[in-house]
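Undergrad: Just need the structure, nothing else, for what follows:
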Amino acid sequence: MGSYGRILVVDDTQSFRFMIKGYLDDAGYQTTCVASGEDALAELELGSFDLILSDMVMPEMDGVALLHRVREHHTQLPFVLVTGHGSVDSAVEAMKKGADDYLLKPLNWEELLLVVERLLENARLRVSLDRIQNSEREKFSFQSMSSSSPVMGATLATAKQVSASPRTTVSIFGESGVGKEVLARAIHVASGQNMTSFVAINCAAVPETLLESELFGHVKGAFTGADRDREGKCGRADRGTLFLDEIGDMPLSLQPKLLRLLEERVYEKVGSDRTVTAGCRIIVATHRNLDECCNLGVFRRDLYHRLNIFPITIPPLRERREDIPQLAELFLNVFRQHQGKALPGLSKAALDLMMTHDWPGNVRELRNLIEYASIVTNGDLIQPEHLRLKRQYTPFPEAGTTDRISLCFNFSLEEFSLDAVNRQVVEWAMERCGNNKSSAARLLKASRKLFY
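TA: Residues are numbered from 1 along each chain as shown. As a prediction, this is how the structure comes out:
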């Protein structure tokens, strides 16, 4: 049974203690027996136990009184009361006050083992869930999102402020891959809510015909295939956070119902006329410009204003390059654990190359890049050749937008040469001209022969 097999038995009858200890020991548990509630409290002071099995009727301190004392300091410790047939009502009442189960004398040994194993297994699962949730809380805390960039620092400070107002609707704007859901989870964690009550739905990923049911749930018979009642995301997020990602892609037909949810905090399941009260905070996110969507007629203007109570915009990674080294190291730590590699870090040349990249995929692209590099490297520093990046030339002026061309190269001392520069210029010209050699040659004012 390992560390989850320590049982404390409390009973004032010596023969019962002797009998139950022998039986539990034979079943593989570590059993300690005491004759009174006071002795039980003393044992709890000396060591830890995984379950308490206590008689209901004892002199001085009975089982219910012991339960109350135990619950003062051990709120999650499984507690089972043992009672005679005449005290069943008292045992049921005790369960309402915090006992986990009760058994009747004379004990049925098979039932005893089933109850003990069930409660110990539940305790194991609870500890495991707590560990996971603590890890998730740490992963998505604002402390783990510290930034060296002033603009991102201001964004995080704003998000921290709104986390203390769980009734306020928050809108998070930013390009794809900047971390909108990560910020939403950080707001959720800072609000002190349970991690399991963060419920996300991607409005662009669910078919229009199913989105309403996914969001609000449905009743049995609401449509073909609805063979039972189903709770929607809104109900699952009760007393937590409902995160609506890609809100700009929500069908126009469903937007009035979302507006009602935001304004009145009520909704109806598909196929039902019963109003349900929503008890969740709502955070939405999109990479679209909702004002432009309103102008195009694909998003309701009144809904836009209702969502725009507390807007937060996450800057793209190219506007906060100071965070690239910190984020890269954060992802390296993740892949050190996943892959069991030493992964010493990034070489200066690799980091310099990353600092010149424009990151159209933002933080998501950076994470994917680090994952790939961590796999192909052999435990040495990550070098430029481990990165799936082309050298950047900044800026890249669009044709006809300027009469000047500015190129910026980034070479290590060993790589630098006239041939290398020429090669990069040719590659740039080819990219600008859609791989048309004649056009690229004209752009460089070179003959086609010289260009080849």
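
Undergrad: just checking, next helix/strand downstream of the host helix or strand of Ala40?
TA: Ala40 is part of helix 37-46 when elements are defined by DSSP states H and E. Downstream of helix 37-46, the next assigned helix or strand under DSSP H and E is strand 51-55.

Undergrad: That following strand - contacts with which helices or strands?
TA: Here strand 51-55 touches strand 6-10, helix 37-46, helix 63-73, strand 79-83, helix 109-139, going by 3 or more C-beta pairs under 8 Å, 6 or more residues apart in numbering; DSSP states H and E. To be clear about C-beta, it is placed using only N, CA and C from the backbone, and glycine gets the same treatment.

Undergrad: between those, which gets nearest to Arg367?
TA: With C-beta to C-beta as the measure, helix 109-139 is the member of these nearest Arg367 (13.4 Å).

Undergrad: Domain map for the protein?
TA: 2-134, 141-315, 318-385, 392-452 (automatic domain parsing).

Undergrad: what about the second one, start to end distance?
TA: I take that to be domain 141-315. From its first residue to its last, domain 141-315 covers 19 Å (C-alpha to C-alpha, to the nearest Å).

Undergrad: Now do the strands in the stretch 351-452 of the chain.
TA: In the stretch 351-452 of the chain, no strands are found when defined by DSSP state E, counting those that start in this stretch.

Undergrad: typo on my end, the stretch 101-250 of the chain
TA: For the stretch 101-250 of the chain, the strands defined by DSSP E, counting those that start in this stretch occupy 101-104, 170-173, 198-202, 217-218, 230-231, 241-245.

Undergrad: Give me the residue ranges of the stretch 51-200 of the chain where confidence is low.
TA: Applying pLDDT under 70 to the stretch 51-200 of the chain picks out residues 85-88, 91, 132-138, 195.

Undergrad: Could you pull up the residues touching His73?
TA: For His73, the contact set (C-beta atoms under 8 Å, 6 or more residues apart in numbering) comprises Leu44.

Undergrad: go with 6 Å
TA: His73 makes no contacts at all, as judged by C-beta atoms under 6 Å, 6 or more residues apart in numbering.

Undergrad: what does Asp12 give?
TA: With contact taken as C-beta under 6 Å, 6+ apart, Asp12 is in contact with 35, 58.

Undergrad: Turn the helices and strands packed on strand 51-55 into a markdown table, including distance to Pro344.
TA: Output for the helices and strands packed on strand 51-55, formatted as a markdown table (distance: least, C-beta to C-beta, whole Å):
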| stretch | distance to Pro344 |
| --- | --- |
| strand 6-10 | 44 |
| helix 37-46 | 47 |
| helix 63-73 | 46 |
| strand 79-83 | 51 |
| helix 109-139 | 24 |
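
Undergrad: related to what we said a few turns ago, turn the strands of the stretch 101-250 of the chain into TSV, including distance to Ser36 and mean neighbour count.
TA: Shown next, in TSV, are those (distance: least, C-beta to C-beta, whole Å; neighbours: other C-beta atoms under 10 Å):
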stretch	distance to Ser36	mean neighbour count
strand 101-104	19	17
strand 170-173	55	23
strand 198-202	46	19
strand 217-218	52	22
strand 230-231	47	15
strand 241-245	48	24
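
Undergrad: For Gln326, find the nearest of the ones you listed.
TA: Nearest of these (C-beta to C-beta): strand 170-173, 20.9 Å.
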